[in-house]
Every structure is written in structure tokens, then in C-alpha cells.
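Engineer: requesting a structural model of the entry that follows:
(one chain, ligands or ions: 3)
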Amino acid sequence: MENVHWIRQSKEAPPERSSMAAFGSVAVVPFQHKKLSSVNYSCRYFYANGWKKKKKLRFQRKRWIVSSTCPPEETSPISVSFTSAPVPHLSHFLTDLDTFPHPFLLQDATSYRPLNLNFISEQDGVINKVVWNKQEPQNLVVYPRAGPRERIVFDPKSVKAAIVTCGGLCPGLNTVIRELTECLRYQYGVVDIFGVLQGYRGFYSKEWIRLDPERVDAIHKLGGTILGSSRGGFDLNKIVDAIVQRGIHQVYVIGGDGTIRGAAQLSEECRRRKLRVTVASIPKTIDNDIPIIDKSFGFDTAVQEASKAIDAAHTEVSCFPNGIGIVKLMGRNSGFIALYASLSSREVDCCLIPEVPFVIHGRGGLMEYVAKCLSERGKMVLVVAEGAGQEYVGNDPSVEQLDASGNKKLGDIGHFLYEEIESTWKKQGMEVSMKYIDPTYMIRAVASNASDNIYCTLLAHSAVHGAFAGYTGFTVGPIHGRHAYIPMTEIVTAQKQVDLRDRMWSRLVNSTGQPDFSPRNIPKGFQGPCNIYSSPQSSQESIL
Ligand SMILES: Nc1ncnc2c1ncn2[C@@H]1O[C@H](COP(=O)(O)OP(=O)(O)OP(=O)(O)O)[C@@H](O)[C@H]1O
Ligand SMILES: O=P(O)(O)OC[C@H]1O[C@](O)(CO)[C@@H](O)[C@@H]1O
Ligand SMILES: [Mg+2]
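Structural biologist: Ligands and ions are numbered 1, 2, ... in the order given. Here you go, the predicted model:
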């Protein structure tokens, strides 16, 4: 006999493509029936199979299966609620919003047409969670599913679109520019597509360029951005004035967290001025620190390039006595690049990231582990994210240094560790062969790899469909693999960091074999960046 969870729903059958958001709070109640053993169910939401097999499973009609199995002893109802993500839409502030048929539907359409015309309904959603504990109440958020709509809010022939890239470089920027242009032209027939040069400041201080499929045809093979980029220069009123002056309807902003903060303000200002203008953002950053979405484009390519630096370090340290290789990788506040590149290489002995504080000297500290690696393997590869250990190298907080966008400038933890390790061993009269590799921009100033190229294509197309659907102030990205529209305001509230309770971090620690260097794990009296050699005697001290 099978145990099945049912969501006891209203007596009326839900409409064919209704979104989860429409259901509000529901209770999940265990339900058992012998005949269910023949049903082929899955853990995802779907109509009960009985919906189609009326005769055999009549009793299942008008109900939903939420899970195929549950322990028999579990009887208390589980509360599940759904909230629709508040993605801003032009209809929220424009009352006279005309709609038009999607060009795919027009008989004379010369544009690309999907074979089966599978439009996305406004009722289709993507849920923020696919893994849950059956005993915990669930508050799920439903985001509008990305994709082309049957009715659109702009007449494509009259649309003017502008594209801008801001912030640091990232593999795939050119692919996104290319695919925005291609989708606008070939799927919607938009002719007036402009490229804004040199980031936000280019809206009001530079000539714009025209983009068309011919111009962007081969740019996905190039690193960087054909539009150029910059930090700083965000002037809200000047930018919106330029948008109005040039009669732009759709603004596509490609950038990281700072860029999206700016884009959210642009969208809000357009709403305040009641402009028929949508602002869409395509999240970019090699750091992968954008929340909600699965990952940001360019991250995969950056990890691939970073792995090459680790390989080089490993080759070097393998050929010299007591070789110690330090590889410093980008990652300002999040250590994803260091973590994934280390995990992929499998030759890293220690990976330091901003999320994990570490003690250098003393029992249980980094130096003790370096000694262990040298004595056991005669070599060591250490990967450090640039934002790690800033307490050792951070600039004087009273004179905090910021870049043009307001980002804190980081101290150089790579060189600091190099010197600290080298001098420690020199003091001991031991020969070590230090190798330092900092690939810096080499991991991001490259063209995107194959997987990022495809990812960028989907992001760009989704953004165009979202703008034509009338969404604004939205970011696009995959949530558990399905592309969705997410309010920019949600994206900028938090920065994604490596979750130390996640199994990915455990995998890394298992792979490197590194101990927990965090201060809480070090015995009292040995904490902080103090020197072990002036501390009370320990067995390790004598080895060092
Ligand atoms: N809070 C903000 N409000 C408005 N504009 C901002 C804000 N923060 C940053 N910007 C603008 O966004 C642009 C890019 O910001 P920033 O240099 O921080 O890069 P980013 O988009 O975060 O990308 P990355 O950090 O990945 O390089 C700059 O022109 C900057 O002026
Ligand atoms: O030197 P720039 O251009 O300011 O960029 C450096 C920063 O940009 C990033 O690559 C994010 O895009 C960070 O990892 C790094 O700290
Ligand atoms: Mg940023």
C-alpha cells in the first residue's frame, strides 16, 4: 500500500495552466488507497494521473499530489503557502496599456518562429524551492516564468531599445549583447537597437552606436564588451533624461550587484515619471555572488581559467624541494571561484575564502598545516580568494579606500601570505621553494566557454521576452534550472556567499584535507594573528 500526500484543495478543479500562486495556503494531509500503487507519480506538483485515467482512478480527480511517499507515522498536516514575487509591470502605473499579438502569430512574420509556438502564460511560475523537509511549514515564492507571451505590450516596429554593460568585465558580455540584438531583431522585428558606450556614464556623455545582427555577428568569440564598461558615473536624472530624449522604450542593463542597484533606481524613476519604459537587467559577475539565481554567467568560464593557474602551481611545486604554490583568485566577498576551481583541480591542499576566518600562527593554524603538508608530501598548493583574511591586510578603516562605484578596495592577502610563509620557514632555516601566481584579469578577460555561451543566449532571450511582456525592474535568471523574472529589489538585498553548511564546502574540505583554521577552533591563547613562536610551548612549535 502506498502513502500519498494530498493537497486538499477547493472543490473546483484548478484551471489548466494555473500558477501555484493562485492557490494560497493549503494543507497537506496523508491519504492512503490501495489502488494508488499503480500510479506513476513524481515529487513535483502535477495533476494527479487520475485526471486522465478517469475510470481507473476516479477518486483522484480534482486533487493534487504533492509527494509520492511519506512515512506512515507522519500524520500532522503540513502548512504550505505560496506568495507571488512582486515583479513590477507597466500595467501597475499605466492605465492605457495597449497590447499586441506576438509577432510569431502574424502570418506575414519574417522573424524566427518556434515550431510549436509554446507561449508562456502569466499563470506559469517557477517556485523558489525544490528541496524541503516534509515536516517543516513551507512559505514558497513563485516567480513569473520567463518566455514569450502571446500578447505583448509594445508594437515591435516602433520599439527603440538600448543596451549597456557596467562594472568589471565578465566572460559572456558580448554573447549577451549579441543575443539581445538577435532576439530583438529576429524574434520581434525591432530595428532601432542602440549600444550605450562605457557604462552608465555613456547614457549622457557619449555618442551611442547602432547595433544590428551584422555588427554583432562574431562578437561572442571575443572577451570583454564591445560597448566598453566603467565604474561610477551613475547619475539617475541625467540617465532617465537621456532615455526620454532618445525615445527609448526598453533598457537592457548588463552588470553585477552595483549595476542592478542602479537599474532598480532607473526603473523606479521611469515609474515615477509614468514612462512607457521597461528596465531589464541581466546579472553578470564572475564572483557568482548574485542571490536567488542558480549562478551568474561568466562564472563557469572564470573557474575554468582559474583551474589553469592551479594546474601551473601544482606543476611548479611538484618539481622543486618543499614547493609551496600560492594562487590568488578573484572573489571579493564570496569565495565561489576559489572553491569551485580548487574542487575541480583536486590538487589543492588548502583553500581560503572570505567566508571562513583563519588563524595563521599557533596550534591548529595555517602554518602548522603548511608544515604538515611539507612533511607528508613535500609540497603544497594554497588557493586564496582575494577577499579572504582581510583582517590581516585590510586598509586603515579610518581612511577606507573605495573605487569609483563605492566598492571597498581590498588589501593584498596573496602577497601577505607569501611573505609570511617564506619568512616563517626562513626563520627555521628550512629551504622552501615559493611560487606565486595571481592570474587576476586572465580569468575574466576571455571569451565565454561553450556552456556560458548557451547560458548567455537564454538569459538574453528571456530578458527580451520579459520586456515585451511589460515587466520592468526585473532581473532574469534560472531558479533550479528554470528561467524566471525576479524583482531587482530582491536581488540587491543580499549578496550570495558560500554556505558553510552546504555539502559543497564539505566536499572541498574532504578534497583538500585542510583542518578548520577558524579562530573558534583554535585553543585559547593561540587566537588572532599572533606569532606562535612567542606563545606557550606546543609540540608543533618544536617541529617548526
Ligand atoms: N547603489 C548604487 N546605486 C546606483 N548605482 C550604482 C550603485 N552601486 C553601483 N552603481 C553603479 O553601477 C555601476 C557598476 O557598479 P560596480 O562597479 O559596483 O560593478 P557591479 O555592477 O557590481 O559589477 P562587478 O562588481 O561584478 O564588477 C557603476 O556605474 C556604479 O556607479
Ligand atoms: O579591478 P576591477 O576592474 O575593479 O575589478 C576587480 C573586481 O571585479 C570582480 O572581478 C567582480 O567583477 C571582483 O572579483 C574583483 O574584485
Ligand atoms: Mg559588484
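
Engineer: give the contact list for the nearest residue to Val130 once chain neighbours are set aside.
Structural biologist: In space, and not counting its chain neighbours, Val130 is closest to His480: 4.7 Å by CB to CB, 6 or more residues apart in numbering. For the C-beta atoms, the positions are set from N, CA and C on the backbone; glycine is no exception. Shown in contact with His480 (CB atoms under 8 Å, 6 or more residues apart in numbering): 126-127, 130, 294.

Engineer: and these, which are buried?
Structural biologist: Taking 16 or more other CB atoms under 10 Å as the criterion, what is buried in the contacts of His480 is 126-127.

Engineer: could you dump the contacts of His480 into JSON lines and include secondary structure?
Structural biologist: Output for the contacts of His480, formatted as JSON lines (DSSP: H, G, I helix; E, B strand; the rest coil):
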{"residue": "Val126", "secondary structure": "strand"}
{"residue": "Ile127", "secondary structure": "strand"}
{"residue": "Val130", "secondary structure": "coil"}
{"residue": "Asp294", "secondary structure": "coil"}
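
Engineer: which two of the contacts of His480 have the greatest separation?
Structural biologist: Greatest spatial distance in the contacts of His480: Ile127 and Asp294, 13.6 Å, computed using CB to CB.

Engineer: list residues touching both of these two?
Structural biologist: Joint contacts of Ile127 and Asp294 (CB under 8 Å, 6+ apart) are 479-480.

Engineer: pretty sure Ile163 is touching Thr181, no?
Structural biologist: Yes - judged on CB atoms under 8 Å, Ile163 makes contact with Thr181 at a distance of 7.4 Å.

Engineer: which residues are in contact with both of the two?
Structural biologist: Shared contacts of Ile163 and Thr181, counting by CB under 8 Å, 6+ apart, come down to 193, 211.

Engineer: how many neighbours does the residue of the stretch 301-450 of the chain found nearest ligand 2 have?
Structural biologist: Using CB to the nearest ligand atom, the single residue of the stretch 301-450 of the chain nearest to ligand 2 is Met330, 3.3 Å away. Residues lying near Met330 (other CB atoms under 10 Å) number 23.

Engineer: show me the contacts for it.
Structural biologist: 286-287, 302, 337, 385-386, 440, 443-444.

Engineer: now do the SS call for whichever residue of the stretch 101-250 of the chain sits closest to ligand 2.
Structural biologist: The stretch 101-250 of the chain approaches ligand 2 most closely through Gly168 (3.0 Å), counting by CB to the nearest ligand atom. Gly168 falls in the coil class when you classify it by three-state DSSP.

Engineer: with the one 3 residues further on instead?
Structural biologist: Following three-state DSSP, we place Pro171 in the coil state.

Engineer: per-residue confidence for it?
Structural biologist: pLDDT, Pro171: 98.

Engineer: I'd like the numbering to begin with 530 instead of 1 from here.
Structural biologist: Will do, 530 is the new start, and the previous item becomes Pro700.

Engineer: pretty sure it sits against Gly753.
Structural biologist: No - counting by CB under 8 Å, Pro700 stays clear of Gly753, with 9.2 Å between them.

Engineer: residues of the stretch 680-829 of the chain that sit close to ligand 3?
Structural biologist: 785-787 (CB under 5 Å from the ion).

Engineer: just the buried residues of those.
Structural biologist: For those, buried by 16+ other CB under 10 Å: 785-787.

Engineer: closest one of those residues to ligand 2?
Structural biologist: So of these, ranked by how close each gets to ligand 2 (CB to the nearest ligand atom), first place is Gly785, at 5.8 Å.

Engineer: who in the protein is up against ligand 1?
Structural biologist: Residues of the chain found near ligand 1 (CB under 6 Å from any ligand atom) are 695-697, 728-729, 759-763, 784-788, 790-791, 794, 814, 934-936.

Engineer: go again using 5 Å as the cut-off
Structural biologist: 695-697, 729, 760-761, 763, 784-788, 790-791, 814, 934 (CB under 5 Å from any ligand atom).

Engineer: next step: the residues you listed restricted to helices.
Structural biologist: 786-788, 790-791 (DSSP state H).

Engineer: got any ranges where this structure has weak pLDDT?
Structural biologist: The chain contains residues with pLDDT under 70 at 530-606, 636-646, 924-929, 1049-1073.

Engineer: same for the one helix or strand Lys901 maps to, what does it pack against?
Structural biologist: Assessed by DSSP states H and E, Lys901 sits inside helix 895-906. Here helix 895-906 touches strand 879-881, strand 908-914, helix 942-956, helix 1068-1072, going by 3 or more CB pairs under 8 Å, 6 or more residues apart in numbering; DSSP states H and E.
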